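In: take a look and give me a structure for this.
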Amino acid sequence: MRRKEMEKAQEILRLSLMKGLSQREAASATGCSLGVVNTVLSRVKEAGLSDPLNLSAKELGSIIYPAEKGKAKAEPDYAYIDHELKKKGVTLTLLWEEYKMHNPHGYMYTQFCDKYREYRKKNSVYMRKVYKAGERMSVF
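Out: Numbering: from 1, shown residues only. Purely as a prediction, here's the structure:
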């Protein structure tokens, strides 16, 4: 969470609780959307805090923006992807679509490709040719 977000959340609480402004007035005063103001106030209310203005930014942040609970994404089977990509007409996009059908909450396409590229870097064999410039010439 960023510092600016917490400053705005504290300002929303101050305007709403101390000054008695409505949610719309607090939204226009802080430059936030009405949804953000509603979310901040409802989460503080759910926590049952008697005086949220005396909390530190870190404590308030953990109440307003709680961490997601253990939503680990299913890792793709990189060996299978590598094997399938060698077949004619198979693309990484098709393999990603197949992965998303089986894992709807899995990685989006960009992360899927990045993770596959990392796998390829770790598991590919490269033959480096080390020679001085002009010493040899390779003809293909």
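
In: please count neighbours and contacts with C-alpha atoms only from this point.
Out: OK.

In: what's the neighbour count on Lys122?
Out: By other CA atoms under 10 Å, 9 other residues sit near Lys122.

In: please enumerate the helices of this protein.
Out: 3-13, 23-30, 34-47, 57-64, 78-85, 92-102, 109-123 (DSSP state H).

In: reformat the ones you listed as a markdown table; add distance to Val139.
Out: Below are these laid out as a markdown table (distance: least, CA to CA, whole Å):
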| stretch | distance to Val139 |
| --- | --- |
| helix 3-13 | 58 |
| helix 23-30 | 67 |
| helix 34-47 | 64 |
| helix 57-64 | 63 |
| helix 78-85 | 28 |
| helix 92-102 | 32 |
| helix 109-123 | 27 |
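
In: could I get those helices in CSV, plus columns for mean pLDDT?
Out: Output for the helices of the chain, formatted as CSV (pLDDT from 0 to 100):
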stretch, mean pLDDT
helix 3-13, 81
helix 23-30, 89
helix 34-47, 87
helix 57-64, 80
helix 78-85, 92
helix 92-102, 95
helix 109-123, 91
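
In: which ones are touching Leu41?
Out: Leu13 (CA atoms under 8 Å, 6 or more residues apart in numbering).

In: if you set the cut-off to 6 Å instead, what comes out?
Out: Contact criterion CA atoms under 6 Å, 6 or more residues apart in numbering gives no residues in contact with Leu41.

In: for it, give its distance to Lys73.
Out: 31 Å (CA to CA, to the nearest Å).

In: again with Leu85
Out: In terms of CA to CA, Leu85 sits 22 Å off from Lys73.

In: how close does Gln23 sit to Gln10?
Out: Taking CA to CA, one finds Gln23 at 14 Å from Gln10.

In: so if we follow the domain assignment, how does this structure break up?
Out: Domain ranges of the chain: 3-64, 71-140, per automatic domain parsing.

In: chain center to the first one, what's the gap?
Out: Between the mean C-alpha point of domain 3-64 and the mean C-alpha point of its chain there is a distance of 24 Å (CA atoms, centre = their mean, to the nearest Å).

In: before we move on, what about the longest one?
Out: Using CA atoms, centre = their mean, the distance from the centre of domain 71-140 to the centre of the chain it belongs to is 22 Å.
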